[in-house]
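In: The sequence and its predicted three-dimensional model are supplied below.
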Amino acid sequence: MTEKYRYLGNNIYSNDAGDIRSLPRLPIPSLANTLARYLDSVKPLLSDDELKNTTNIVKAFGKQHGPGEYLQNLLRRWDAEQHPKTWLELWWLEAAYLSSRDPLCPLSNYWFMMANDPEPYDIITEPPQNHQPLLPFNNQDVNGPLGPFVGVLDRVGYGEFQIRRAARIISVAHDFLESIYNKQLPAEMGRGELRCMEQYLKIFGTTRIPKPICDEIVEPANGQPSTYVVAMIDDQAFRIEAYNKYTKQRLLVGDIENQLRDAIAYVEKLPTRKRSPAINVLASGNRDRWAKIYAELLENPRNELALKQIIDANFVISLDDTVTLPYGSLSAAQYTVKHHAARPGHNRWADKLSNFIIDRNGVFGFNGEHSPIDGFSPGNVSISITKILNKPENRIRPDVKSPTTRCIDSSDGQLHIFEPNASHLKFEVVGDNILRAIDEASQEIRSLASKSISFQYTFEGFGVDWIKGVAKLSVDAFLQIATQTAYYRTHGMFTATYESSSSRKFYRGRTDTVRSFTSQMAGFVRALEDPEVTNQQRYELLRSASMTHVKNAIRAANGEGIDRHLLGLRLAYERLYPKDKIQRNNESETLSAQSRKIIDDFFNDSAFQKSNTWRLSTSTAVPEPEAVHTAFSSFTYDKSYGISYNPLKDKIRLCVDGRNEVAGNGSKIYEFMDNYVKSLWDMRKLCESVGSEGESKDIEKSRL
């Protein structure tokens, strides 16, 4: 049993590696550099005439003492007012996440899966006799392109191994919670530099709250983590204690197991008329609908208390009564973690930053609300939990019971015997309008689920060792070039590409965009498809595309990305310029009509819109074998894909999400993946046919 946690009172993460407050603040890039790089990024997307027109627009915007410079000065003033927060922080949170009214699942939340226990027991490996048939995932039938039929088996009850594995996840997650709040989690480093750890303080207890127009984020009350979690079991929420409420010491794993068993037994015996309505489904759906119902629920004290306890919980853990067959099928299992494949939107609380998910066979996944933080920190925590659980000495043995304790305390002169019990967080006095809203949300999410297709593919031809050691190219650049090649081969066109880049070398930094599609990448892809081009010429183009990508990625990581800066300039015009006029008492117009037209032309230019239409949204995952699937939704454009790649020593895990072609949105996801694999092999053959001996001196190292 661990000691009572010590709260990090100033809510600033620091340890022996350094105080993150010493990190530099996120800079505002040079206006001239941003505009030059913006022009360079749109070149491969435009015709000659379009490029000429856009160049003139950019020159007018960026001229000395021009409208762009005025907005840059407003942005600098805003930055000074935000200290110690960054100039970007509040705007990014609102513009990228909280003002969106779209459903969180599957459009905004990310999801990932962890490696299975090597020695599970009490698992289902085939449908029980006379049970309902498998539910196909990805809308594929028995003869679908993935080969042998896989699917989800629903309503199979709960298992002992599932309960025990869930209890251990709860316990080990609290080890990490305590290490974070006790300043014992080692600070992360990158290239010998300290990385901001602020996001780790938000993993546990943070919740998104629905509000009209723009949502809010609620962090742990008074900065203190809670003493319990919430378990979702068949849409019923239960408070599961993790600490002795008297001594504040951690409960043992057996105490948590018993609470989960009691909660499951309670649900299985609960009459339909006494069940709480599936309020949780509303959290996955349209935000304005949820905001309206949320406000109504708060009018009832019992419902208000239930909502508050869910908000204050360290995290949600969902125990599903489903299994994926065959056991170990990642492509089907990730669909369950994505939004609950059998009943989309159910048995989750999508507003909670951390929602662990355990199916009947003990398959472990995570669904995360994206707005407060990015996926790296909960990903690292989940990977670490998996490593601990899967160690031989920590395996769950069917013949070994978990330890329990009756927690006794008499420090206040009273004798307290604390036997933790699961508490049903019930919603009551719910009117027909709320029931109709739940039904609407359920249908909405099911419709979205039918239009969203995703799966996982493990490429085993080669991995990081070959790309770095033989091709001597950046791993990230190599995979981005393969992505462009696959997209071109699938759709016969190029597209603007979003790649997430971490800004954590700065205090409170989050991300910027690497505009991965470049003229150099376009040149290589065209050359690869042109039989008249020699392999030597193709190889030189490949190296050029790789080096350009690495330079752009380094710039983004160094706070010199262009997309967040362009967002800041636009919001300076929309929000700061009107305030500036008021502060000047409208004595003189700060921007002439001509200047305002130049600004409008810049932000409404077709090139600006085209370069922000991200049909490819990409990101690299934490390169750990325990992360067997890491994914996020594609943007809702036609022919769009969300691609997370996990490059390992000798393989590459590719996780792809798209818009189902049957729904009319044209993501040819299986053809795209076939072309991706073919592109990887073609690029390898090219490198081996030309050779890279003596060519490595001027090739920058991978960011990985």
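Out: It's in.
In: could you dump stretch 210-230 to PDB, C-alpha only?
Out: Taking C-alpha atoms only, stretch 210-230 is exported to PDB below (Å, rounded to 0.1, in the frame of the first residue of the first chain):
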ATOM      1  CA  PRO A 210     -21.100  21.300 -22.600                       C
ATOM      2  CA  LYS A 211     -22.100  25.000 -23.000                       C
ATOM      3  CA  PRO A 212     -24.000  26.800 -25.700                       C
ATOM      4  CA  ILE A 213     -21.700  28.100 -28.400                       C
ATOM      5  CA  CYS A 214     -18.400  27.200 -26.700                       C
ATOM      6  CA  ASP A 215     -17.700  24.500 -24.100                       C
ATOM      7  CA  GLU A 216     -15.600  24.800 -21.000                       C
ATOM      8  CA  ILE A 217     -12.800  22.700 -19.400                       C
ATOM      9  CA  VAL A 218     -13.000  21.800 -15.700                       C
ATOM     10  CA  GLU A 219      -9.800  20.600 -14.000                       C
ATOM     11  CA  PRO A 220      -9.600  18.900 -10.600                       C
ATOM     12  CA  ALA A 221     -11.200  21.000  -7.800                       C
ATOM     13  CA  ASN A 222      -8.600  23.100  -6.000                       C
ATOM     14  CA  GLY A 223      -6.000  21.400  -8.100                       C
ATOM     15  CA  GLN A 224      -6.400  18.200  -6.000                       C
ATOM     16  CA  PRO A 225      -7.000  14.800  -7.600                       C
ATOM     17  CA  SER A 226     -10.000  12.800  -6.400                       C
ATOM     18  CA  THR A 227     -10.100   9.600  -4.400                       C
ATOM     19  CA  TYR A 228     -12.300   7.600  -6.800                       C
ATOM     20  CA  VAL A 229     -13.000   6.700 -10.400                       C
ATOM     21  CA  VAL A 230     -16.300   6.100 -12.300                       C
END
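In: Run the chain-centre distance for that stretch.
Out: 18 Å (C-alpha atoms, centre = their mean, to the nearest Å).
In: Now the residue at minimal distance from the centre of the chain: closest residue in space that isn't a chain neighbour?
Out: For the chain, the residue nearest the mean C-alpha position is residue 110 (3.5 Å; C-alpha atoms, centre = their mean). Of all residues not flanking residue 110 in the chain, residue 632 sits nearest, at 4.2 Å (C-beta to C-beta, 6 or more residues apart in numbering). Any C-beta I mention is one placed from the backbone N, CA and C, and that applies to glycine too.
In: Show the residue spans covered by the strands in the stretch 351-500 of the chain.
Out: 354-358, 364-368, 407-409, 416-418, 423-425, 452-459, 497-502 (DSSP state E, counting those that start in this stretch).
In: What distance do you get for residue 113 to residue 58?
Out: 44 Å (C-beta to C-beta, to the nearest Å).
In: I'd say the residue nearest to residue 110 and residue 617 touch.
Out: Yes - assessed by C-beta atoms under 8 Å, residue 632 is found in contact with residue 617 at 7.1 Å.
In: Quick check: neighbours shared by these two?
Out: The contact sets of residue 632 and residue 617 overlap at residue 642 (C-beta atoms under 8 Å, 6 or more residues apart in numbering).
In: Which one of residue 113 and residue 58 is surrounded by more residues?
Out: Ranked by neighbour count (other C-beta atoms under 10 Å), residue 113 and residue 58 place residue 113 first, with 26 against 21.
In: ok, now which ones touch that one?
Out: Residues near residue 113 by C-beta under 8 Å, 6+ apart: 330, 333-334, 337, 363-366, 627-629.
In: What is the burial count for residue 400?
Out: Neighbourhood size, residue 400 [other C-beta under 10 Å]: 8.
In: Return the residues in contact with it.
Out: By C-beta under 8 Å, 6+ apart, residue 400 lies in contact with nothing.
In: begin at 20 from here
Out: With 20 as the first residue, the last one maps to residue 419.
In: now it: how far from residue 313?
Out: For residue 419 relative to residue 313 (C-beta to C-beta), the value is 44 Å.
In: Where does pLDDT dip in the stretch 20-169 of the chain?
Out: Scanning the stretch 20-169 of the chain for pLDDT under 70 picks out the ranges 20-38, 152-169.
In: where exactly do the strands run in it?
Out: Applying DSSP E, counting those that start in this stretch to the stretch 20-169 of the chain gives strands spanning 33-34, 37-38, 129-133, 154-155.
In: Give me the neighbour count for the closest residue to residue 113 other than its chain neighbours.
Out: Once flanking residues are discounted, residue 113 sits nearest to residue 233: 6.0 Å by C-beta to C-beta, 6+ apart. Residues near residue 233, counting by other C-beta under 10 Å, number 16.
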